[in-house]
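K.L.:
Generate coordinates for the sequence data below:
(2 chains)
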Amino acid sequence: MFKSISRRTVLKGACASIALPWLEAMRPLSSLAASPVATTSAPQRLAFMYIPNGVIGQHWFRTGPEQDYLATQTLAPLQPVRDDIVVINGLNRIYVSGEPHSQAASCWMTSSGPYDRPDGSTAINTTLDQLIAREVGKATPFPSLELSCNSFIDNMEPRLFDAISWYGPGHDARSESNPYKVFERLFGESDFNRSVLDTVIEDARSLRQNLGQADRRKLDEYLESVRAIETRLEHQAASKSNLGQVQFDMPDEVPVNRGEYLRLMGDLMVLAFQTDQTRVVTLMVGPERWETPQLYDGVFDKPVQHHQMTHDDMFDEDVALIDRFHVMQYRYLINRLKASQEGESNLLDNCLFVLGSGLGDGNSHSYKQLPMIIAGRGGGHIETGRLIECPEGTPLANLWVTLAGEMGLDLAEFADSTGPLKEFV
Amino acid sequence: MLHLPVPLKLTLAIFGVLICVAPVAWWNGTSEWPVSKPPGVENAATDDFDEITRPFLENYCLNCHSGDDAEADLDLASFDSQVAVNADLETWAEVIEAIDDQYMPPSDEAQPETAEVDRLKDWYQQTLSDSGRTENLVPWMRRLNRIEYENTVRDLLRIDGDIFTNPGKVLLVDDYFQPATGRMPRYVLAISHFSYIPKRPPLLDGVGDVPVDPPVEHGFSNDYTGLSLSPMQVERYFELANSILDSPNLEYICDLWESMFLPGDTTGYDQQVARARARLVLFLPRAFRRSINAEELDRFVKLFGAELRTTGSYTVAMKSTVAAVLVSPSFLFRRDFAADSFNEHSVDQFALASRLSYFLWATMPDDELFQAAREGRLGTREGLLQQTRRMVQDKRIKSLSTDFGMQWLKVSSVTSARPDRDIYPHYYESTQTNPGVSMMIEQLLFFETIMIEDRDILEFVDADWSYLNRHLMDWYGLNPRQVAGYTPDRANFEDFFRIRWPNKHRGGVITSGATLLSTSATYRTSPVYRGAWVMGVIFNQPPPPPPAAVPTLEEAGQDAPQPLNLREKLAVHREDATCAVCHDRMDPLGFALEKFDPVARFRGQYEDGSEIDCRGEIYDEAYDGAAQFKAVISRNPDQFITGFVEHMLKYALGRQLEIADETDIRHIVETVINRDRRFSAVVEGIVTSDLFRSPPNQ
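P.N.:
Sure, this is the predicted structure:
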């Protein structure tokens, strides 16, 4: 029944838009088959949107109990989606002596500190999204998808500042910042030669026998990645006829404007969810600490350095405007998810979409009072439209444990967690 | 007798591992080599701990650094014996460095006598040599990084030119670079000859770029701890391999085309498979940079056979086979730092050849280097130096400047500099190139000159010459008529000329436009960033990161009756002891350069007319401004030389340096000083060091 629609990748200078309505039936068959309940309930999705360099707390958080939690300067844009979100104030995470920004990003979803390994590398524990992807990712072609809106290539900046998702120590899930490549990867025709795959797997296995322990681990990264390709090919073989129909308007170049760029990558995230290519997505707004000047369209008329500004009180109001700008992009994506029909409900209802930063106050590199908002109803049972004020000292890890639970992963302990965040569910 | 590297000896002794030693002795040179110290049996340092170290700690350190609330989480009280010290030499390396640099104890605390510090350092040296320490726990296998991958594909397929769009790489398309002549030309013509790479189309049609490899903090993009391999990257390598082999113009630019991809006079399945086998016998060892075994050869011949059966085309089958080679782990990973015996013949020599070529050329060995390895010629000092000197005169040595040099100097951060348009509108006036691009080229040409003219590396700190184009002369406020070396009759504004600086404050990398621009904020200078740059790049002592949750610069000055200037604000900041520890060192270095504005122009005073204070002190010598600052460093060059050697060594080894490396580093530094600090002395010192010749086995 899909045969009449051909694969079209439309390239034109317009802003991104998805050809809607999306047919629910286009979801890969393999995933339906893999999850026994899929026929009756839609799959649960989880997404993280990460803001670097902390936020200006005085404009994000309400001044006192008498003030409405969305009446603050930064969160006011969320008024229209009030009923779709839960605002969580008062979460904290541990900080281990070291570079505050790289740790802010790389350890946000581990909630534990980085540590040094004998090989001189800095080790990051497996991040929450990857722990979850290992389980729920089996059902989809891509266990997880890592996106970022950092199109700059500045050779001087280490990856710890630019990676929030880690498979494990020394092994980051490199994010894709090029929207064209994201699209090609998700929906392009795979061009993998089976015999070539088999040959290199054989080659790797025989090489492995001659290696020491440490080198074996290194080679295993390779082998696991090649196997991931195999798995994906199997998934996609089952759904090939569906994927060819995806239509997506792409601008000619990666947008210079932050807003356009963020919305474009966000649209791709929504598209990946719609087509069930993956159920776990991370979207990194930008790297920590980089001084690359960026153009926040509609906020400033020239490129500014976000990080530099966070360390100069003189710019507090400007930084708050950047925060508000990010919140507005988040709202856009909430609306996109909501506009996507899925059975009786919509995508947002079957989603948990996190917005947060690894730092509270960016100026002082504070690891307390972290900004945190979650959109979506997680399958319908999350009560939205409210504020949760956490008791003093509540670890962020408690929320992570809760989210893992929502995704079907029972984490008895995670980092410094003291138990699930009961108020959320 | 067979000279095994110490770590290997240790491995043999401790674990009794059976290792098949190559018939070509590792090191049977005729020349004298520094013999590695055998691991100590007697531990001479033990008594000294009680006599020297314990009292030192008690008198100067434990006041702050002890117990659960120890400053910087450093509990020195836990080091209550020599055994405890031996168990954590990493911490002690930092402790000793902090004391040695007079960075600890803080200046407002009791200070040790010089003699006490010397005794402590002697004890530490003894501890180090007693430990016979090596680092054995690391994976030595490392993925080719983006640059190495590109170059290796290029040389393996014998393609002339860059294959990919390689962002971040400055490129001058000109034949100015002639290392064999030992001279850089008087001018470098740039009329539309240079392009800044991101705009350049790929040489091979339809081939995308290679995923970016960010460096590790204070390291290079070839540091193996950063070279992990995610599924997405592996996919990209598969796609790349396909797109390279399927590129429609491959056959026109690949010198291997006829001898590899065309069947020649063969017909029929058997004949063609035999022909493929004969070719793969030559191709695979080049691709894997080592001898191959029969099993490996059979595997790829089998693939060729299967593909030939399916497609019926020799060319298509060979393309698939080569594509498989390009994604096989033996191609993608460098294993030349593992001295294990993959093959019984001359494996070490091939590994050494590979290390040498990736260090100097960032690519695979060429035929002659392979030949030298095969004949065991890298086993002598003369043989190794002969190859090194040949390679330094080859054009491929350019990668030592574009990759090592430009990363060392952090030049690529210039690409993202965006000075405030309202304050510095002139920066954006030229439609062709902004001054930043010219500054990157200035830095590149400067580095390349010191490299191929084999000059004194101290010129990096201070030199009375450089390469400038007319844009930069204008930008730097120089009158072209007064710039010796500039020939206005050839005046294309883009062309670079070897010039003599008419003043003392310019010259050298510290006061280069690229450095001054990239260490500034968009709207003002940042003495802190500039100071941190000098500490990291010039001295290889990057400041530690700022701690979390401390009062920040601006908050510190809030109570002042009138607005403070930058220097005063930073002075207030330094009153906080936590900040002072680093900023006392960092800020004065940056203030030495304060008479250069955020876009690298010279200024006599601040924009509001106030005076600029450029004074500071280093090595107990006072300076006022950039010229004196550089002069002081030049008079006390040891720290810079050591720093430079360490930077290049990090690049050569593709890893961070460790305490165990210190003896070798000192040895290289001595060689460099004895040889008038020539650039070649650094390269040759590294290549002939134990660290490079015989990396520890796992």
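K.L.:
Show me where the stretch 151-300 of chain A dips below the pLDDT cut-off.
P.N.:
Along the stretch 151-300 of chain A, segments meeting pLDDT under 70 span A:153-156, A:213, A:239-244.
K.L.:
what about the helices in it?
P.N.:
Using DSSP state H, counting those that start in this stretch, the helices of the stretch 151-300 of chain A run over A:179-187, A:194-208, A:213-243, A:258-274.
K.L.:
Out of those, indicate the one that is most buried.
P.N.:
Ranked by mean neighbour count under mean count of other Cβ atoms under 10 Å in any protein chain shown, those are led by helix A:258-274, which reaches a mean of 24. C-beta: built from backbone N, CA, C; applies to glycine.
K.L.:
what's the angle from that helix to helix A:179-187?
P.N.:
Inter-element angle recorded for helix A:258-274 and helix A:179-187: 0 degrees (by axes from the mean of the first three to the mean of the last three Cα atoms, to 10 degrees).
K.L.:
Counting by contacts, list what helix A:258-274 packs against.
P.N.:
strand A:45-51, strand A:145-148, helix A:179-187, strand A:280-284, helix A:316-339 (3 or more Cβ pairs under 8 Å, 6 or more residues apart in numbering or on different chains; DSSP states H and E).
K.L.:
Can you add distance to chain B and give the ones you listed back as TSV?
P.N.:
What follows is these, written out as TSV (distance: least, Cβ to the nearest Cβ, whole Å):
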stretch	distance to chain B
strand A:45-51	17
strand A:145-148	8
helix A:179-187	7
strand A:280-284	13
helix A:316-339	9
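K.L.:
Of those, which is nearest B:Val534?
P.N.:
Relative to B:Val534, the nearest member of the helices and strands packed on helix A:258-274 by Cβ to Cβ is helix A:316-339, separated by 28.8 Å.
K.L.:
got the CA coordinates for stretch B:217-234 in CSV?
P.N.:
Provided in CSV are the C-alpha atoms of stretch B:217-234 (Å, rounded to 0.1, in the frame of the first residue of the first chain):
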residue,chain,number,x,y,z
GLU,B,217,42.9,18.2,27.1
HIS,B,218,46.5,19.5,26.8
GLY,B,219,47.2,16.9,24.1
PHE,B,220,46.9,16.4,20.4
SER,B,221,44.3,14.9,18.2
ASN,B,222,46.4,11.8,17.8
ASP,B,223,46.3,11.0,21.5
TYR,B,224,45.0,7.5,21.7
THR,B,225,42.9,8.1,24.7
GLY,B,226,40.6,10.3,22.6
LEU,B,227,40.4,7.9,19.7
SER,B,228,37.5,5.7,20.5
LEU,B,229,35.2,4.3,17.9
SER,B,230,31.5,4.6,18.1
PRO,B,231,29.0,2.8,15.8
MET,B,232,28.4,6.0,14.0
GLN,B,233,32.0,6.4,13.2
VAL,B,234,32.4,2.9,12.0
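K.L.:
ok, now which ones touch B:Thr511?
P.N.:
Neighbouring residues of B:Thr511 by Cβ atoms under 8 Å, 6 or more residues apart in numbering or on different chains: B:505, B:593, B:596, B:626, B:630.
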